[in-house]
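> When you get a sec, could you give me coordinates for this:
(chains A and B)
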Amino acid sequence: MSELDTAAEPLLEIKDLHVHFATPAGVAEVVNGVSLRLDAARMHGLVGESGSGKSVTARSVLGLLPRGNLLRRDGVVRFGGRDLLGMDEAALRQEIRGREIAMIFQDPMTALNPVMRIGHQIAMPMRRHLGLSKKAALAKAVELLDQVGIPNPKARLRSFPHELSGGQRQRVMIAIALSCDPRLLIADEPTTALDVTVQAQILDLFDRLRAERGLAILLVSHDLSLIAERCDEVSVMYAGRVVENGPADVIFAEPRHPYTRLLEEARPLLENEPHTLLKTIPGRPPRLIDLPPGCAFQDRCPNVRDDCAAIRPAQVAVAEGRTVACLHPHEPAALAADPADDPVGDSAPSGSGDASDPAPTSRKALA
Amino acid sequence: MSHSPAAVDATAPADRHDVVLSAKDIVVEYHAKGRRPVRAVDNVSLAVRRGETLGLVGESGCGKSSMGRALIQLPPPKSGEVRLGDTLLSGLSQKRLRPLRRRLQLIFQDPISSLNPRRTALDIVAEPLLLSGHPDPRGRALAALAEMGVDDQMARRRPHELSGGQCQRVSIARAVVQEPDVLICDEPVSALDVSVQAQVLNLLERMKAEYRLSMVFISHDLAVVNNISDRVAVMYLGRICEIAPSTDLYADPRHHYTSLLLSSVPRPGAPRVPVPRTGDIGPNTRAGVGCPFAPRCPAATALCRDETPPLVEAGPDRAVACHHPIGS
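Numbers count the residues shown, from 1 in each chain, chains lettered A, B, ... in the order given. Below is the predicted model:
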């Protein structure tokens, strides 16, 4: 790829990604046609509940999927003009992982080697990818630890992971991730195991890295508030698909997909009065080995109509930089009066009693 | 400064009959070989009023779970008194405690591992009824499960065949069928997805009204605690730093730690001030003098490092443990 081409396209582009696994119970369709893009210095949030496919999507970028039971993995993952899905393991390891794209995981306890001093763990990728001497790599490690906010970094080089707190360990993970100056950081629930004050510090650090180094971040999280506060763009996932995608501030202020809106409303808020009854989403997500032919959200959706059972909604552009995968999305407030596509949110769904139209209220009782 | 008023037992309400569960000067320590004991709870007093939900909030290691355990005497705290109604629980033998345990029920964070994997949901809920001599344990258990949204068919499944949310419903059923006075919930929704979390929180509210429960709700999630609690106690390194009605606490925090906590919660759209890099909570190995928050506190003075601030009254129904509270 020429320089011109890479300048024109996003840093990371995922197009129509599918990932299926073989399980004893059947084929689990974990990721079903995910598309998203991410530019330098931006933070893109991948949000969804457990089993929505957000982590598998993130891991697919680096080819970090269990190979034993992988049945299908296709689509496009392009990074800086290169096709990552087509790359072999050796090339990924030498040229991409840790060097161009780094990843940090939720659990900083198990991601670090418990019997190796942290200085070594930070120095290792730099010695391997950048060819630094041991001395130079350790000197750089001190710098990195200081940058991520670890007090007394020089003395810390000789610490073992168990001697650090959870927040410090996650910072060490970030230092390792940054060591080779990657262009993209994939962070899979990086602060979920951490306290809220530490979480805020780590997220502030992310903001700084984006501003100072142009680092792009793909942030995987189940926490809507966090994503809404910190990310530029967001992709909301449900049953392996992106149901809604666009600028974070717009999406949460005015969700178009019924699932996004319900998620948003189910969230307890700091501003709520005590004993506020929360909105709930009736039912449960579908089993990934048994996805319905139409929309995966149809059983739980307040807007459901007959065609939802048959037609799988595609990601359709509804505004600049915004897509929604729904046949009957909520209308934006400004256009709510448009009679051409009347939202059915509050009116009774047509054809009740039909198998394709389970009444949400009766499901609620079962949930 | 403000330490002149006598250290009041600000957590004790004026009217004693109002209180269903109270704790006085609770100390919990954990011992490890060859090390100084870690003091997880350091002289904490609190009172749960009839019909209220008291939130206990703080970060990992602040002692909120240890405090919850101390309240049900599992294990009994190192020192301090716990009273259930007029009955003093501290010092009672296991045998004398057992009949009282029915009145204090606990719900745990991990919904699946806190249920016996080899019993069905129905057995799990019927067991305590059977032990207490209920005339129709299985019928009552089925009815309670149905009330929680667990139907007959699901009631015959074992915990691993149920989802996390369903298991938590079974835990709630097991607790409320015994008609306890106080329900202690230790991070009951932390392991659940947002949509399920909302269902369980609503269910807890409904059960609380229906069974006229009082609740202690322990959580690290400030938004969740705010939604369910009448009053909230904020803990830091084993001590209560502030206790107040939840609306007052969230609108107008007096302790600098409460304020730091609140400003750390992601709030989309709100103007964002970077959180000061104040370091982490360490294990509690502090010598026992001074304010535990002083090393991270923006307002700390020499006094804070030398003298532990007592919990003193700071307005109607609220108390704060700070030498220089916000707004003073």
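
> make it CA atoms for all contacts and neighbour counts henceforth
OK.

> Mind naming the longest helix for the chain?
Picking chain A for this. In chain A, with assignment by DSSP state H, the single longest helix is helix A:196-213.

> my bad, the chain I had in mind was chain B
helix B:194-210.

> and that one, what other elements does it pack with?
In this structure, helix B:194-210 makes packing contacts with helix A:258-266, helix B:164-176, judged by 3 or more C-alpha pairs under 8 Å, 6 or more residues apart in numbering or on different chains; DSSP states H and E.

> what's the following helix or strand after it?
Where DSSP states H and E defines the elements, the next helix or strand beyond helix B:194-210 is strand B:214-219.

> Please name every helix or strand in contact with that following strand.
Here strand B:214-219 touches strand B:38-49, strand B:53-57, helix B:64-71, strand B:182-186, helix B:222-228, going by 3+ C-alpha pairs under 8 Å, 6+ apart.

> pLDDT averaged over it - what is it?
The average pLDDT within strand B:214-219 is 96.

> same check, this time on stretch B:60-68
Averaged over stretch B:60-68, pLDDT sits at 91.

> Give me the contacts around it.
A:195, B:26, B:28, B:40-41, B:56-58, B:184, B:186, B:216, B:218, B:220, B:235-239, B:281, B:283 (C-alpha atoms under 8 Å, 6 or more residues apart in numbering or on different chains).

> tell me the helices in the stretch 201-328 of chain B, going along the chain?
B:222-228, B:246-251, B:256-264, B:302-306 (DSSP state H, counting those that start in this stretch).

> could I get the ones you listed as a markdown table with distance to residue A:273, mean pLDDT and mean neighbour count?
Shown next, in a markdown table, are these (distance: least, C-alpha to C-alpha, whole Å; pLDDT from 0 to 100; neighbours: other C-alpha atoms under 10 Å in any protein chain shown):
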| stretch | distance to residue A:273 | mean pLDDT | mean neighbour count |
| --- | --- | --- | --- |
| helix B:222-228 | 6 | 94 | 25 |
| helix B:246-251 | 7 | 94 | 19 |
| helix B:256-264 | 16 | 93 | 20 |
| helix B:302-306 | 34 | 92 | 15 |
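
> Which among those helices is found nearest to residue B:91?
helix B:222-228 (31.6 Å; C-alpha to C-alpha).

> Output the contacting helices and strands for that closest one.
Using 3+ C-alpha pairs under 8 Å, 6+ apart, helix B:222-228 sits against strand B:53-57, strand B:214-219, helix B:246-251.

> Out of those, flag the one nearest residue A:201.
strand B:53-57 (19.6 Å).

> so residue A:95, which of the three states?
The local conformation at residue A:95, judged by DSSP: H, G, I helix; E, B strand; the rest coil, is helix.

> Just confirm residue A:16 is within a strand.
Yes - the assignment for residue A:16 is a strand, going by three-state DSSP.

> check contacts around the residue nearest to it when sequence neighbours are not counted.
Of all residues not flanking residue A:16 in the chain, residue A:33 sits nearest, at 4.0 Å (C-alpha to C-alpha, 6 or more residues apart in numbering or on different chains). By C-alpha under 8 Å, 6+ apart, the contact set of residue A:33 is A:15-18, A:75, A:240-242.

> Contact partners for residue 84?
Unless you meant another one, I'm taking chain A. By C-alpha under 8 Å, 6+ apart, the neighbours of residue A:84 are A:61-63, A:76-78, A:92.

> wrong one, chain B
Contacts of residue B:84 by C-alpha under 8 Å, 6+ apart are B:20-22.

> Tell me if I'm right that residue B:325 and residue B:254 touch.
Yes - using C-alpha atoms under 8 Å, residue B:325 is in contact with residue B:254, at 5.3 Å.

> quick one: low-confidence parts of the stretch 101-250 of chain A?
Scanning the stretch 101-250 of chain A for pLDDT under 70 picks out no residues.

> Close to chain B: what parts of it are there?
A:149, A:165, A:167, A:195-201, A:204, A:222, A:225-226, A:228-230, A:249 (C-alpha under 8 Å from any C-alpha of the partner chain).

> Now, the contacts of residue B:84 that are in helices?
Using DSSP H, none of these sit in helices.

> Out of the residues you listed, which comes closest to residue B:77?
residue B:22 (13.7 Å).

> Wait, the closest one touches residue B:80, no?
No - if you go by C-alpha under 8 Å, residue B:22 and residue B:80 don't touch, sitting 10.6 Å apart.

> coming back round to it: weed out the non-buried ones from the contacts of residue B:84.
With neighbours counted by 16 or more other C-alpha atoms under 10 Å in any protein chain shown, these contain buried members at B:20-22.

> after the longest helix of chain A, next one along is what?
The helix or strand immediately downstream of helix A:196-213 is strand A:216-221, counting by DSSP H and E.

> and that next one, what does it pack onto?
The elements that strand A:216-221 packs onto, with contact taken as 3+ C-alpha pairs under 8 Å, 6+ apart, are strand A:43-47, helix A:54-61, strand A:184-188.

> Lovely, talk soon.
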